[in-house]
Structures are given as C-alpha cells and as structure tokens.
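# Okay, structure incoming, though there's no sequence with it:
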C-alpha cells in the first residue's frame, strides 16, 4: 500500500466510475483498475461492488475511505505547514464557492496585496464543496447552504436581502414591494435543486401555500438575469447583485423588494476544524471576511 494507490482509491470512490477517475488523475484506465485490484488484495476485502461496468463503494470501502481521507488530509496539512515556513512568498490558498461573482473584488485586492500567494478557486455545488473540504482539497468553502460533513466549522459572513427580478412590462414591474401572494402562478427562473436560490424559492412558496412553477433552471446569476429579461419569468437574487453595475450593464429589468419573512441570503465561510491553516490562508480568510462583512 502506498500513497499513490490511496489517492487513486480516493478518486475512484469519489466518482464511483473508473473512466471518470482515470480522466481526473490523467492515467490509463487499465492501470487504474490494476492499482485498485492490488489495493483490495492488500487490505484483504473488496472495496467496491461491481455490476458490469458500474462500481459502487461498499461497506468496507466506505469505512476505509473515512480513514484514507483522514490520513491524506493530515499529510497534506503537514506539507502545507512545512511549505508555510518559507513565508508568503511561496504560500497558497484554495477556496471553493457556489459562485465566483461574490468574491471577485476581494480576490482581486488580495492578489494585489500578496502577489506571491497562489490563489486557487473552484466553483462547485454544496455537495462537491463539502466533499472537497472534508478531503482537504481546499482550505475554505463559501456557501449560502449549510454544508454537511463531519468536523466542519463555519462563520456567518453576510446576511443580505433577496430581491425579486422582474421583466420590464411585467404586471409587477415598477412596484416598490410585492408579497408572495402576488407571485401565485408566476413562472420562476431559478437554480437547480441544492443551490440556495432554489432552496429559498421552494421554502417561500411552500410557507405561503403556493406551488412553485419553475420556468427555467440555471447555474449562474448572470444567466438567470438574462432569462428574466427574456420574459421567461421572475427570479430571486441577492440585493448586492441586482443593484450592481454588472447587472445594470445587462438589458434592463426591474428589481422589486419582496415582503416575505426570511427573504435573505446567509453567506457562510466553512473550514475543517483542527486542520492546519497556513499564514497565506489565514490572511486570505481575514481579508475575505473583512471585505464581505463591509458590504
């Protein structure tokens, strides 16, 4: 058993698919399959259930994965701790976020102040963020959903009002405020399930006793605004974005206040409790926290 085989196992367990794991690792599929077979022979039990070309992590594999994740995360922390001794000139920090629009300006100003720090950013769903954080692939995650996973801590960085984006010419356009009753039967442009806009929309409509009519599912706020402008429906968005120069540069639409309890976005920064945090990562965290809390 060696570190390379454990990292290969970790990737296969994450994808539960040999070819996808091989593509991520940039190795040949037969070589990856042989490595997993040798690892299973070494531990003495099968780690995956195989059904034709499909594989699924079994109970032995799940138990082994928890230990492997912990061991590799400790080794990665040790590497970062030793590298940190070289100071900020060789430091690095990595962050996963549901959207990169929120952090564009803080990252820009941090890089200007710390040009020697390598900043790596990943856009991901909440499930993938929790996975990457638990495996030690990133230092922090920024999410509007609560991430599930053992040993994850978080701070609330921002609470902001969520507004309704309405196409011009719509019956609600130009209103100062609308209620959920005003949205009965309205088609909604929203994200796919699991992302905060969809979770919020489902909760607000459910609490109002209304059915959520999804007109369009999107992944990025900019796409959502374009679909609202096209007249597909109304959409939910954070106040900072709907009033931002970026949104204003798009074709026009009408931002309207939403009179509904809990119509807000809660932005949280997550980390692995007990994990080593480098000097570069600490400075990035403090800079990002100060920047977002000041908005």
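All right, it came through fine. Just so you know, these numbers come straight off a predicted model, no measurement behind them. Residues are numbered from 1 along each chain as shown.
# In this structure residue 172 contacts residue 182, no?
Yes - the pair residue 172 / residue 182 is scored as a contact, 6.3 Å apart, by Cβ atoms under 8 Å. Backbone N, C-alpha and C define where each C-beta goes, glycine included.
# buried stuff in stretch 4-16?
5-6, 8-15 (16 or more other Cβ atoms under 10 Å).
# From the contact counts, what lies against the longest helix along the chain?
In the chain, taking DSSP state H as the definition, the longest helix is helix 59-84. Using 3 or more Cβ pairs under 8 Å, 6 or more residues apart in numbering; DSSP states H and E as the contact test, the elements touching helix 59-84 are helix 3-15, helix 279-293.
# okay if I get the ones you listed as a markdown table plus distance to residue 33?
Shown next, in a markdown table, are these (distance: least, Cβ to Cβ, whole Å):
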| stretch | distance to residue 33 |
| --- | --- |
| helix 3-15 | 9 |
| helix 279-293 | 36 |
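# what about the helices in the stretch 51-200 of the chain?
Applying DSSP state H, counting those that start in this stretch to the stretch 51-200 of the chain gives helices spanning 59-84, 104-113, 126-134, 196-207.
# Need the contact partners of stretch 274-289.
73, 77-78, 80-81, 83-84, 87-88, 91-93, 95, 103, 106-107, 109-110, 113-114, 117, 119, 136, 139-140, 142, 151, 155, 157, 269, 271 (Cβ atoms under 8 Å, 6 or more residues apart in numbering).
# Kindly report the same for stretch 137-144.
93-98, 102-103, 120, 122, 126, 129-130, 132-133, 147, 157, 196, 265-271, 277-278, 281, 284-285, 288.
# List only buried entries from those residues.
Burial by neighbour count, 16+ other Cβ under 10 Å: within those this picks out 93-98, 102-103, 126, 129-130, 132-133, 147, 157, 196, 265-271, 277-278, 281, 284-285, 288.
# tally of neighbours for the nearest residue to residue 19 once chain neighbours are set aside?
Here the nearest residue to residue 19 in space, its sequence neighbours aside, is residue 29; by Cβ to Cβ, 6 or more residues apart in numbering that works out to 5.7 Å. Neighbour count of residue 29, defined by other Cβ atoms under 10 Å: 12.
# any idea of the pLDDT on the residue lying closest to residue 60 once chain neighbours are set aside?
In space, and not counting its chain neighbours, residue 60 is closest to residue 45: 4.5 Å by Cβ to Cβ, 6+ apart. Looking at residue 45, its pLDDT is 93.
# List the buried residues in the longest helix of the chain.
60-61, 64-65, 68-69, 72-73, 77, 80, 84.
# now it and helix 126-134, what's the angle there?
60 degrees (axes from the mean of the first three to the mean of the last three Cα atoms, to 10 degrees).
# tell me the average confidence for helix 59-84?
pLDDT averaged over helix 59-84 gives 85.
# And stretch 270-287, by the same measure?
For stretch 270-287, the per-residue pLDDT averages 90.
# one step back: the residue nearest to residue 19 touches residue 20, doesn't it?
No - using Cβ under 8 Å, residue 29 is not in contact with residue 20, being 10.0 Å away.
# what residues are shared contacts of the two?
Common neighbours of residue 29 and residue 20 (Cβ under 8 Å, 6+ apart) do not exist.
# Surely residue 16 and residue 56 touch.
Yes - because the distance of 5.7 Å satisfies Cβ under 8 Å, residue 16 is recorded as touching residue 56.
# Overlap in contacts, the two.
residue 48.
# for the protein, longest strand please?
As assigned by DSSP state E, the longest strand anywhere in the chain is strand 152-167.
# hmm, which helix or strand of this structure has the shakiest average pLDDT?
helix 245-248 (a mean of 55; mean pLDDT, DSSP states H and E).
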